[in-house]
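Undergrad: Make a model of this:
(chains A and B)
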Amino acid sequence: MSLPTRARPPAPTAGGAPRERGRPRRVAADLAMGVRFALTGGREGWTRAVLTAVGVGLGVALLLLTTAIPNALEVRHEREAARTDITFSDERLAKADDTLMVAGVDTDFRGESVRGRALEPEGPRAPLPPGVERFPAKGEMVVSPALKKLLESDSGALLRERLPDRVVGTIGEEGLIGSAELAFYRGAEGLAPHMDGGRVVRIDGYGNPNATSERSDPVLLLLILVVFVVLLMPVAVFIAAAVRFGGERRDRRLAALRLVGSDSGMTRRIAAGEALAGAALGLVFGAGFFMIGRQLAGTAEVYRISVFPSYLNPSPLLALLVAVAVPTAAVLVTLFALRGVVIEPLGVVRAGRPPRRRLWWRLLLPLAGLAMLYPMIGDGRDNGDFNQYLVTGGVVLLLVGVTALLPWIVEAVVARLGAGGVAWQLAVRRLQLSSGTAARMVNGIAVAVAGAIALQMLFAGVEDDYTQPTGQDVSLAQMEVILPDGVPVTRAADKLRDTEGVQEVYGYSEGYLGDRAREPEHGTTLTVGDCASLREIADLPSCADGDAFAVHGAEWDAGEDMTNLAAPGRKLYLDPSYEGSPKRLEVPWTVPQGVKAAKPRRGLLAGIDRGGFLITPKAMPETLVPALAGHAYLRLDESVPDVHDRVRNTAAAVDPLAAALTWAETKRTGRFDAIRTGLFVGAACVLALIGASLLVSQLEQLRERKKLLSALVAFGTRRRTLSMSVLWQTAIPIVLGLLLASAVGLTLGTVLLKMTNTPVRVDWTGVLSMTGIGAAVVLVVTLLSLPPLLRLMRPEGLRTE
Amino acid sequence: MTPPAGSLLSAEQLRKAYGPTLALDGAEFSIHPGEVVAVMGPSGSGKSTLLHCLAGIVPPDSGTITYNGRELSAMNDSQRSALRRSEFGFVFQFGQLVPELTCVENVALPLRLNGTSRSEAERAALTWMERLEVDDLKKKRPGEVSGGQGQRVAVARSLVTSPRVLFADEPTGALDSLNGERVMELLTDAARSTNAAVVLVTHEARVAAYSDREIVVRDGRSRDMERVV
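TA: Next up, the predicted model:
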């Protein structure tokens, strides 16, 4: 009998791994093992994987959403253009079987704009507006889904009074620029006589065939670029933090692997595999969050901007970039984090005192950023063709500088912090031992705050350029109602006076007088009103119904010789015609014999003193009425609820084409407001995201210390002491982070203002509010982490079974 | 029932369950000042739960615990915490030293929690560290010292408030025999010199040999063992 022969095991090789396995296969095997570790390991492992995936996923979703924004704006722009009903030529179309009369009947309801059009098809081939299947008849209207909902709700009752037409359909998506847009098309009759080439037009098609893209204002472009960078930077910081969730436990796991024979290269590859798995899972989660967010976006309206889900399609190239960049960044961040860690077979060794952080290369980043922005200083808005790459690069480097400088500052400051109470001591010692974790936690907030401060400064600095005074004096009147031609202003004024909340109404009928019926050489305005109304706009010697006045020396008529025009008996023409334009009414009017001289007075009308002729109703021949447009100026008791909407209802009842405008001292460019709105929406999303990330990493750190916390409580440490130490531990880095953010934000803001040639002015309210919001996020996170902290301090933490 | 005459800490008919698992099922216990009692038993028998109940860390589901004539179940959480701070000391097997604090700061911590000034607390801490032969480690952090040294620092911390009862849960569980014996010698000597009672949870007979009396816990019930010398 012979003993069975046993196969000899393969001889070990120098590397510890069998030689026949090629390097690529070995790397792949290590990465695969990392992936397995990330996805297995029971509840603990899954919790870690899910936390990482949720963190990365939220960041990815936000990135995808951001990459979809340009497309969404483009689609909104296209749809807006496709429904344009403005005529772009001076020539008026003749009535035909393919023409449509359109009157702009936009209104407002409780501060929301409602887009409205009255339609009157003039033939069977009249063009239908986008999203509308058939023309509504008079007394009918088709409305947007949001307006339908509003009109059907109790809160829309007041608007329902203004829009009493029967709803016969809804406007389709292609006819709207947002899911929450309030819009309607109502049927109308008899619009043609009101045609003025502005509010009431005749068209034979929608859209602008000669549309040209407007040249972007370099300052607005600069704002857009900086808004994007400022919003995306914290997301990148957040993703970097998310892939490090569970890092300490992973290091211990890697140490166990070292014990059974893996070398340091292998452990790094395994760690990379784990990060890759987390990031890949995060991409899947991110795609899911994005799809959910896309659907939710269709139901939400933020700062009066809404979109349809179909608008939010990220550009494929940018989506691909996200899909590649996120896992790559995850692996790089992990390997970078492992730099300072030596994983030994018997445990993870972090040098008792890690090497001091060096300042020089950290300073290089913001300095390089400033150097990139410097050449553009003083370019201004006229020739400010800012180089997009230099702007983006410069801002990115300055903000990355915050993330590089903050760990150094936290380390340098906490090393010098002295003694205090037990809570303070526990917090300071923890920070001294591991200030990097704390700095990482507040990096995102610091970047967001620095960017927001800079933008706030830039916005405040250039705001004046995009804000124009309207000349309206809101202390004199708060609303203005413009009546269509031929509607008697006295009747309208009476009705408006009876409206609840209206204190005073000044009514005027206005028209333009020329010295000839056609091609007048000289001209001035004719204003009709009662004595009380006329006294609001001029100093009258005396006034009775039947009087007529000529105002001399008014700014309004600068350059006109009123003495000549106001010669009693002189014949003038109301609504004269001009060459190249359709014939106007050309109503003759003779200057009355007893015309009195009046002095100009700065009053209700447009901030300048009104000139021309002022006449009382009895002095006005009936023949003038069709050529006069009525204006009523209203003084309101604004404490009466919905007073503006009550006035709008009355105006609509007087005439559906009457326009009611709320006065404001200034008006701002729409695009400026849109960019500012975009910043606030984005900043809100980013801060919420960072808050979530802070909470997750805070909880993770606390879980790591469960046993220690329980032991401290066991020997009688007050829970308040431990809670305070957690608060200090967060508060110290956040204060330092916010100080640094303020410094960088102010620097960046100053540079951006200098680039646009705008005087540098620090908007301290903005600085304080931004840092305050940042601090509030941290406070909320700390408060939210207290319940789990108290739970972790329970004595059960001492149990090992 | 009245506690045994002269006992400093006693427990009667203790019951404690964690979900469906019954950790203590009518356990009894008593200890006198200056006495060292070893609580022994296999893993999962309930000995650590008994220690946690006796120290007021975990309230039992039923039964009474009396310390120095006062019933622990009648105290609220903050009163029990105050009692642990001032009258009890603790040594655990793992995770007890705060990694961020230096060794002397760790030892001084219970005194500081009681309101003692930092310098006074650290002076007292140093005295105990000298007694436990670890005064040379005062500036080091727990991560920079060996397991045996760390455990001696923990013993110093447990004694710094001059507790009347010292609770030690597997204090040598993570140490080699030589270090374990040295820790036990120092711990019991220091406790006896201050007349502190020691509740020593262990499953090692060698460690239990340092006690005056042994109690065996099995299936949540306790039994006094006669020592055969």
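
Undergrad: When you work out contacts or count neighbours from here on, use the C-alpha atoms and nothing else.
TA: Noted.

Undergrad: Report the contact partners of residue B:27.
TA: B:11, B:12, B:13, B:14, B:15, B:50, B:217, B:220, B:221, B:222 (C-alpha atoms under 8 Å, 6 or more residues apart in numbering or on different chains).

Undergrad: actually residue A:481, not the one I wrote
TA: Contacts here follow C-alpha under 8 Å, 6+ apart; on that basis residue A:481 touches A:631, A:632, A:633, A:634, A:651, A:658, A:659, A:660, A:661.

Undergrad: rerun that using 10 Å as the cut-off
TA: A:489, A:492-493, A:496, A:507, A:630-634, A:647-648, A:650-652, A:658-662 (C-alpha atoms under 10 Å, 6 or more residues apart in numbering or on different chains).

Undergrad: Is the nearest residue to it once chain neighbours are set aside part of a helix or strand, or is it coil?
TA: Of all residues not flanking residue A:481 in the chain, residue A:660 sits nearest, at 4.3 Å (C-alpha to C-alpha, 6 or more residues apart in numbering or on different chains). The local conformation at residue A:660, judged by DSSP: H, G, I helix; E, B strand; the rest coil, is strand.

Undergrad: correct me, but residue A:660 touches residue A:484?
TA: No - contact criterion C-alpha atoms under 10 Å: residue A:660 and residue A:484 do not qualify, at 11.5 Å.

Undergrad: Relative to residue B:83, how far out is the residue of the stretch 601-750 of chain A found nearest chain B?
TA: Residue nearest to chain B within the stretch 601-750 of chain A: residue A:716 (4.4 Å; C-alpha to the nearest C-alpha). In this view, residue A:716 and residue B:83 are 8 Å apart by C-alpha to C-alpha, to the nearest Å.

Undergrad: Low-confidence stretches in chain B?
TA: Judged by pLDDT under 70, chain B has its weakly predicted residues at B:1-3, B:94-95, B:226-229.

Undergrad: er, the stretch 251-400 of chain A I mean
TA: Along the stretch 251-400 of chain A, segments meeting pLDDT under 70 span A:256-262, A:300-305, A:340-355, A:380-385.

Undergrad: And the lengthiest helix in chain B, what's buried?
TA: Determined from DSSP state H, the single longest helix within chain B is helix B:177-193. Within helix B:177-193, the residues that count as buried by 16 or more other C-alpha atoms under 10 Å in any protein chain shown are B:179, B:180, B:181, B:183, B:184, B:186, B:187, B:188, B:190, B:191, B:192.

Undergrad: How far off centre is the next helix or strand after it?
TA: Downstream of helix B:177-193, the next assigned helix or strand under DSSP states H and E is strand B:197-201. With C-alpha atoms, centre = their mean, to the nearest Å as the basis, strand B:197-201 stands 6 Å off its chain's centre.

Undergrad: Which ones, among the buried residues of helix B:177-193, also lie beside chain A?
TA: Among those, no residue is within reach of chain A (C-alpha under 10 Å from any C-alpha of the partner chain).

Undergrad: where exactly do the helices run in chain B?
TA: For chain B, the helices defined by DSSP H cover B:47-54, B:77-86, B:103-113, B:118-131, B:147-159, B:177-193, B:205-208.

Undergrad: closest one to residue A:82 among those?
TA: Closest approach to residue A:82 among these is made by helix B:77-86 (71.0 Å; C-alpha to C-alpha).

Undergrad: for that closest one, the distance to its chain's centre please.
TA: The chain centroid and the centroid of helix B:77-86 are separated by 15 Å, computed with C-alpha atoms, centre = their mean.

Undergrad: Please apply the same query to stretch A:50-69.
TA: Relative to the chain's own centre, stretch A:50-69 is displaced by 19 Å; criterion: C-alpha atoms, centre = their mean.

Undergrad: State the mean pLDDT of that stretch.
TA: If you average the pLDDT over stretch A:50-69, you get 79.

Undergrad: Stretch A:448-460 too?
TA: For stretch A:448-460, the mean confidence score works out to 84.

Undergrad: what about the host helix or strand of residue A:736 and chain B, any contact?
TA: Using DSSP H and E, residue A:736 sits within helix A:719-755. Yes - interface with chain B: helix A:719-755 contributes A:719, A:721 (C-alpha under 10 Å from any C-alpha).

Undergrad: Which positions in the next helix or strand after that helix come out as buried?
TA: Once the chain leaves helix A:719-755, the next helix or strand it forms, by DSSP H and E, is helix A:764-792. Across helix A:764-792, burial judged by 16+ other C-alpha under 10 Å covers A:766-767, A:770-771, A:773-775, A:777-779, A:781-782, A:785-786, A:789, A:792.

Undergrad: still on that earlier bit, for residue A:364, which of the helices of chain B is the nearest?
TA: Smallest distance to residue A:364 across the helices of chain B (C-alpha to C-alpha): 39.0 Å, for helix B:103-113.

Undergrad: Among the buried residues of helix A:764-792, which one lies nearest to residue A:435?
TA: Nearest member of those to residue A:435, counting by C-alpha to C-alpha, is residue A:778, at 16.8 Å.

Undergrad: Would you agree the closest one is in contact with residue A:442?
TA: Yes - assessed by C-alpha under 10 Å, residue A:778 is found in contact with residue A:442 at 8.5 Å.

Undergrad: shared neighbours, these two?
TA: Common contacts of residue A:778 and residue A:442 (C-alpha under 10 Å, 6+ apart): A:690, A:691, A:694, A:730, A:731, A:734.

Undergrad: Can I take it that residue A:96 is in a helix?
TA: No - according to three-state DSSP, residue A:96 belongs to no helix; its state is coil.

Undergrad: and it, how far is that from residue B:111?
TA: Distance from residue A:96 to residue B:111, by C-alpha to C-alpha: 98 Å.

Undergrad: what does residue A:619 give?
TA: Relative to residue B:111, residue A:619 is positioned 99 Å away (C-alpha to C-alpha).

Undergrad: More neighbours: these two, which one.
TA: Between residue A:619 and residue B:111, counted using other C-alpha atoms under 10 Å in any protein chain shown, residue B:111 has the larger neighbour count: 22 against 14.

Undergrad: need the contact list for the residue nearest to residue A:481.
TA: A:105-108, A:479-483, A:631-633, A:644-645, A:647-652.

Undergrad: and the next element down the chain from the longest strand that chain A contains?
TA: As assigned by DSSP state E, the longest strand anywhere in chain A is strand A:502-514. For strand A:502-514, the succeeding helix or strand toward the C-terminus, using DSSP H and E, is strand A:523-528.

Undergrad: Parallel or antiparallel, list what pairs with that following strand.
TA: In the sheet, strand A:523-528 lines up against strand A:502-514 (antiparallel), strand A:612-615 (parallel) (DSSP bridges).

Undergrad: From residue B:49, how far out is the residue nearest to the spatial centre of chain B?
TA: Nearest to the mean C-alpha position of chain B, by C-alpha atoms, centre = their mean, lies residue B:167 at 1.1 Å. Note on residue B:167: its distance to residue B:49, by C-alpha to C-alpha, is 12 Å.
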